[in-house]
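> Let's see this in three dimensions:
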Amino acid sequence: MQIIPFAFFLVMLELAVGSHLVLYALDVRNVIRKDTSFNFFRFQAILYLVLFSLLAWATQNGFATPHQLRLDGFNLDFAWLKYQPTALGWFLIFQLLYFISMLTPTWHIARLVTGGLATVAGVGALLSDGMGLRTIAAAHLGGAFTVAAFMLGALALGGVSTAMLLGHWYLNTPTASGKPLEFATMLTLGGIALQIVCGLLAGPVTYRAPQTARHAPGVTVALVAHAATVAAAPTPAPTPAGGSTSAPGPAAPVPHGVTFSTPILILLEYLLGLGVPLALGGISLYLERDRSFQSATGMLYIAVVFTFFGEILARGLFLQPLI
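Down below sits the predicted model:
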């Protein structure tokens, strides 16, 4: 199985759902406090619908059903995975209705209803994937921490993206209240911090090998990787009797590129993908409270890059046993 397209789909789904979730939370907050420009919500609603959600829907082709997944021999929960396409479809429909309700500021109830339904459908799509794939890392509490990591990854990606775009909005309205930007940044920090906790509590990544495989069920990733390395190693030709050797054959191809071991990748995930965005988010929150919105937006720019890097790396490592 190709890991990169599947990991990309999961990250795009997290981004689409998380971005809408944070935007909807800001919208609900604005209905009460009225301290954010309504044009910002209108612009973000159409941006998230077209740029994120449609891309998530497009990339799900090939990963929707057990037959398309081509992983029937693995111990995945296809009873949950089969609901993901339906939930994602309703998510797109309700997001479209949510944008239509943004055409006038007076449709408060319509916005709250359609935005809430889109949130439920989006979380349902994430839940179906998380529950379906939780058996890959179900060491504790039946994979509850694994499912939570999907939700928190969506919150972190959506929070940092929305906060960064909201920071740009402040560059045109420098006298606006900084509380909405602080709220979005705190959601991001909470998502990243809880991701670290869930990652540490999730336990080792294990999986049940296909029935046709020679490995015993529950083999760890490290053992599988070692077995694959041994199996792929060239077997030296036997030396003829008398100690003579045959003429050397063509030279073996020299491998190109740099490979990293799994522990190094995990370290990079925690340091660069989680630690750096957490630190940058904290600095950004301090700058926002000091009303240095331009500097805060710059910090959030960098945080977006590292958050994406960490989430893609995390999903790739999570899906590694399915290779």
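> what pLDDT, on average, does the helix or strand encompassing Ala121 get?
Assigned by DSSP states H and E, Ala121 belongs to helix 108-133. Helix 108-133 shows a mean pLDDT of 93 in the predicted model.
> Now do that helix: which elements does it pack against?
Helix 108-133 sits against helix 3-33, helix 78-81, helix 84-100, helix 144-172, with contacts defined as 3 or more Cβ pairs under 8 Å, 6 or more residues apart in numbering; DSSP states H and E. Glycine gets a C-beta too; all of them are placed from N, C-alpha and C.
> tell me the angle it makes with helix 84-100.
160 degrees (axes from the mean of the first three to the mean of the last three Cα atoms, to 10 degrees).
> if I read this right, Ala303 contacts Gly275, doesn't it?
No. Using Cβ atoms under 8 Å, Ala303 makes no contact with Gly275, being 11.3 Å away.
> who has more neighbours, those two?
Ala303 (29 against 15; other Cβ atoms under 10 Å).
> how near is that one to Gly159?
10 Å (Cβ to Cβ, to the nearest Å).
> same thing with Leu152?
10 Å.
> so what sits against both of these two?
Here Leu152 and Gly159 have Gly191 as joint contacts, going by Cβ atoms under 8 Å, 6 or more residues apart in numbering.
> So these two - more neighbours on which side?
Applying other Cβ under 10 Å to Leu152 and Gly159 shows that Gly159 carries more neighbours, namely 29 against 23.
> pretty sure the more buried one contacts Ala193?
No. Contact criterion Cβ under 8 Å: Gly159 and Ala193 do not qualify, at 11.6 Å.
> next structured bit after the one helix or strand in the chain whose mean pLDDT sits lowest?
Taking mean pLDDT, DSSP states H and E as the measure, helix 221-232 is the helix or strand of the chain with the lowest mean score, a mean of 33. Per DSSP H and E, the first helix or strand lying C-terminal to helix 221-232 is helix 262-268.
> Identify each buried residue in that following helix, please.
Leu265, Ile266 (16 or more other Cβ atoms under 10 Å).
> Please apply the same query to stretch 266-281.
Ile266, Glu269, Tyr270, Leu272, Gly273, Leu274, Val276, Pro277, Leu278, Leu280, Gly281.
> Ile192: neighbour count?
29.
> now Tyr98, nearest residue through space, not along the chain?
Nearest-residue entry for Tyr98: Thr114, 4.3 Å, with adjacent residues in sequence omitted and distances by Cβ to Cβ, 6 or more residues apart in numbering.
> for Leu55, same thing?
Nearest one to Leu55, counting by Cβ to Cβ, 6+ apart, is Met12 at 5.5 Å.
> Now do the same contact list for Gly167.
Contacts of Gly167 by Cβ under 8 Å, 6+ apart are Leu181, Phe293, Ala296, Thr297, Leu300.
> Which of those fall in helices?
Residues of the contacts of Gly167 located in helices (DSSP state H): Leu181, Phe293, Ala296, Thr297, Leu300.
> That's all I had, so thanks and see you.
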